[in-house]
Every structure is written in structure tokens, then in C-alpha cells.
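Chemist: Whatever this is, show me its structure:
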Amino acid sequence: MSYKRIFHAYPEACTGCRMCEIVCSLNREKTGINPKRSMIRIHEDSQKGIYIPTTCHLCNDAPCIEVCPSAALSKNIETGAISVDEENCSGCELCIEACEFGAISLHQDKNIAVMCDLCGGEPKCVKYCMQKALIFLKPEEYDAMKSDAYLEK
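Modeler: Model prediction:
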């Protein structure tokens, strides 16, 4: 049985509070709050007047995995999360260039690629998003929600 879920951002609901960045950095680094180390980023589109939460899109084809010369990236079949083998990652940044969503960065201290790991299957950013701008659903739950007025705003 697959547990793969859809991680979806709903920009129209995002207020730009950046709680997701705070929670992610705190959970990830365990050394305090540092939004620069968050695996979710909030970008402001001033022309449209909205904030856009950006994180790994859990791509099916995952170009970041394809370009990795040291095979340091792999995809968890169950969750869809892409993980980094720290021993094999050379910090070449090819995966960063391959990600069209800007969801991968280089860890400032370790010089390895880092990206959302879905917090082990229960993303904290989703849990603490008071505006429900982030959702993490099973595909059938997402399909049912698409027809809901919540996503049609």
C-alpha cells in the first residue's frame, strides 16, 4: 500500500506570516530558529499581491536525481520524498540547477544538498499553517478537494 501524498501550496490563502519557515528551521536544525535553513520558502509576488510557499514538488521524474553524478539522491517510493545520502553528496550543486522550483539548497555548514524530507511523513509546516495554505493529502483526498470551493478561490 502506498502512502504517497500530494504536497500542495495554496498561495491565495498564504498571508506571508512565515510560520512554516520558522517551524521547518526549528525542526530541521534543532539548534534554534533560522529561516535561512528552512526547506520551505515564502516568496512575495508583489504584482499579484500574493505570497507563494515554495518547497519540493515531489516530482515523479525528479530531474534532481537524474543529474546527480554521485547517485546521492534517491526517492522514497512510499512517501515520494527525495533524500540525500550525505556520504555521497559532493556539493556540486547540479541538483540545485536542475530543480525548476528552487526547492534545493546547499547546507551552509555541511556543503551538501538539502531539501524537504516531509518531516518523516508529517510535515510540520502543514501542521502549523493556520491559514491552510499548505496541504498534504492522499491523492484521492486531493481529488475530492479540487471540486471544493476552498481550492477554487
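
Chemist: And the helices in the chain?
Modeler: Assignment of helices within the chain using DSSP state H yields the ranges 19-29, 63-67, 94-98, 124-127, 139-146, 149-152.

Chemist: who wins for proximity to Ala133 among the ones you listed?
Modeler: Taking CB to CB, helix 19-29 is the member of those nearest to Ala133, at 8.1 Å. All C-beta spots, glycine's among them, are computed from the backbone N, C-alpha and C.

Chemist: Contacts made by the closest one with the rest, please.
Modeler: Residues external to helix 19-29 that are found in contact with it (CB atoms under 8 Å, 6 or more residues apart in numbering): 32-42, 53, 116, 119, 124-125, 127-130, 134.

Chemist: which of the residues in that helix are buried?
Modeler: Neighbour counts over helix 19-29 (16 or more other CB atoms under 10 Å) mark 19-28 as buried.

Chemist: can you redo these as TSV with distance to Leu58 and pLDDT?
Modeler: TSV is the format used below for the buried residues of helix 19-29 (distance: CB to CB, whole Å; pLDDT from 0 to 100):
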residue	distance to Leu58	pLDDT
Met19	22	95
Cys20	16	94
Glu21	19	94
Ile22	22	94
Val23	19	95
Cys24	16	94
Ser25	20	92
Leu26	23	92
Asn27	18	91
Arg28	17	86
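
Chemist: ok, Val84 to Gly32 distance?
Modeler: When CB to CB, to the nearest Å is applied, the distance between Val84 and Gly32 equals 22 Å.

Chemist: So for these two, which residue has more residues nearby?
Modeler: Neighbours of Val84 and Gly32, each counted by other CB atoms under 10 Å, are more numerous for Val84; the result is 21 against 8.

Chemist: Any idea what the closest residue to the more buried one other than its chain neighbours is bridged to?
Modeler: Beyond its immediate neighbours in the sequence, the residue positioned closest to Val84 (CB to CB, 6 or more residues apart in numbering) is Ala113, lying 5.2 Å away. On DSSP bridges, the residues paired with Ala113 through beta bridges are Leu106.

Chemist: So for Ala113, what's the pLDDT?
Modeler: Ala113 is assigned a pLDDT of 95 by the prediction.

Chemist: quick one: it from Ala133, how far?
Modeler: Distance of Ala113 to Ala133, computed by CB to CB: 26 Å.

Chemist: Need the pLDDT of the closest residue to Glu122 other than its chain neighbours.
Modeler: Ranked by CB to CB, 6+ apart and with sequence neighbours excluded, the top spatial neighbour of Glu122 is Phe136, at 7.9 Å. Residue-level confidence at Phe136 comes out at 85, pLDDT.
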